[in-house]
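Engineer: Show me how the following folds:
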Amino acid sequence: MAGGWSSRPEIRGRIRIRAGVDMNDSMEGETRQGMSLEDRFHREMLRIYEEAKEFGYYPNYFLGMVVERGGLSAAKHLISGNQLSDGFVRLWEEGHLDLSVEALVLQDPWSSLFTHEELAEARRRLVGVGYDVGGS
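Structural biologist: Got it, this is the predicted structure:
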């Protein structure tokens, strides 16, 4: 490890994220068309963190989970829990459930990554707090 910088890309990515680099900067040189659906979903999960920061919420536990597990695995883990996450409650309090994992997974094309049961649970949670899920 020369100069304290890891040569492993997955470690460099974590360092950049923890250093507060804007997630949109990491799209340089990449095209969305060249990314898998799962990779694009991962980027959307990172975007949730960035957008939450704009109103003073820093969901660091969420970010760590996304970095460690990957966006898809983190979303499935959060949806499978028996209780609402602290992040979901905070987003509800802030009036930003549009940034919740539950709202994200109901959107196209992301919904195709989830089972009917996972989508039903996401929908149930949102409807349960009065969030309009529309036709999803």
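Engineer: any chance you could map the helices in the chain?
Structural biologist: For the chain, helices defined by DSSP state H occupy the ranges 9-18, 37-53, 60-69, 71-80, 86-94, 101-105, 116-128.
Engineer: Can you tell me which residue is spatially central in this structure?
Structural biologist: Closest to where the C-alpha atoms of the chain average out (Cα atoms, centre = their mean) is Met45, at 2.1 Å.
Engineer: pLDDT score assigned to Gly34?
Structural biologist: Per-residue pLDDT puts Gly34 at 86.
Engineer: now do Leu63
Structural biologist: Looking at Leu63, its pLDDT is 98.
Engineer: Contacts only, for the residue nearest to it when sequence neighbours are not counted.
Structural biologist: Leaving aside its chain neighbours, Leu63 sits nearest to Tyr49 (4.8 Å; criterion: Cβ to Cβ, 6 or more residues apart in numbering). C-beta here means a position set from N, CA and C on the backbone, and glycine is covered the same way. Each residue near Tyr49 by Cβ atoms under 8 Å, 6 or more residues apart in numbering is listed here: Met23, Tyr58, Pro59, Phe62, Leu63, Val66.
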